[in-house]
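K.L.:
Model the structure of this input:
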Amino acid sequence: MPRISNEAIAGAAIIGGLADRNNQEDIAFWVALALAESSGITDRVSWTGCCKCLWQVNVGVWAGDIPNAPSDPAQFRRWLEQPLNCARASAHIKAAQGLRAWEAYTNGSYRQYLDEGRRAARNPDVTTPAQMAGNDASFTDPNAWAAAAGSLIPDIDPLDGIRDAFQAVIEALNRIGSWIADRDNWIRVAEVVGGTALAVGAGLILVKPYLLEAKKAVTP
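P.N.:
You can find the predicted model right below:
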C-alpha cells in the first residue's frame, strides 16, 4: 500500500481510538510516532521482519491478543495493513504496555516529526482511512463516517500558526544555547582560529624577504 498523508494518519489515530480527538498535541504525537516508525507507509515491515504497519505492531507478540482481530499471524499481518486496524491494535498495546512499547518513543526520534504532526492534527482526514478499511462495516458505513467526520475533527485554533512560529524560534535558540554550552565546540573554534593565525603568520614570514626586496627596488 502507498504512503498515506499525515492528515490520514491523524484521522486513523482518532477513529481507531489511539489518539484523544480533543487533544491536538496527542494527535500530533501519534502522527509523529507513525512517521518515525514507518515513514507513513501502511504496510511497512521492520528490518527484522517482526513488525508491520504504521505504528509497527509486533506480529509474533500480538497476534491473537487484539480483540476482533485475526489470531493467525499471516492473517493478522495482512489485517494490520489497514490504517484503522493498525490504530486499533496500537491502542490496545498502549493500554497494555504504555508508550515504551515503541522504539521511536524511547529513542526520541519521533520529536523531529512533531511539527508535521501538529499541522496534520489541525485538519485530520477521516475519509481516506475509511475508504481503505476493507470489509469492516463499522468503518465503511457512509452515514456513520459522515457523522464521525463532523464530530471528530478538532477545532482549529487561529493562534496555532503563531504558536508554531514561536516554538520554532524557541527550538532554534535552544540549539544555539546547546552549541554554546558545548566545550568541544569552542575547542574546535580555537583550533580553527589558531590554525588560521599560524598559516597567516607563516605566509608573512615566507613573503617578507620578497617584500623587502620590492621595497628596496622602488626606493630612490
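
K.L.:
Please identify the buried residues of stretch 33-40?
P.N.:
By neighbour count on 16 or more other Cβ atoms under 10 Å, the buried set for stretch 33-40 is 33-38, 40. From N, CA and C alone the C-beta is placed, and that goes for glycine too.

K.L.:
Tabulate the residues you listed (JSON lines), appending distance to Ile66 and secondary structure.
P.N.:
Below are these laid out as JSON lines (distance: Cβ to Cβ, whole Å; DSSP: H, G, I helix; E, B strand; the rest coil):
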{"residue": "Leu33", "distance to Ile66": "18", "secondary structure": "helix"}
{"residue": "Ala34", "distance to Ile66": "18", "secondary structure": "helix"}
{"residue": "Leu35", "distance to Ile66": "23", "secondary structure": "helix"}
{"residue": "Ala36", "distance to Ile66": "22", "secondary structure": "helix"}
{"residue": "Glu37", "distance to Ile66": "17", "secondary structure": "helix"}
{"residue": "Ser38", "distance to Ile66": "18", "secondary structure": "helix"}
{"residue": "Gly40", "distance to Ile66": "22", "secondary structure": "coil"}
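
K.L.:
pLDDT on the helix or strand hosting Val192, on average?
P.N.:
Assigning secondary structure by DSSP states H and E places Val192 in helix 183-218. In this model, helix 183-218 has a mean pLDDT of 67.

K.L.:
Then stretch 48-59?
P.N.:
Stretch 48-59 comes out with an average pLDDT of 93.

K.L.:
Just to check, Ile66 is in contact with Ala95?
P.N.:
No. Assessed by Cβ atoms under 8 Å, Ile66 is found out of contact with Ala95, at 11.1 Å.

K.L.:
Sweet, I'm off.
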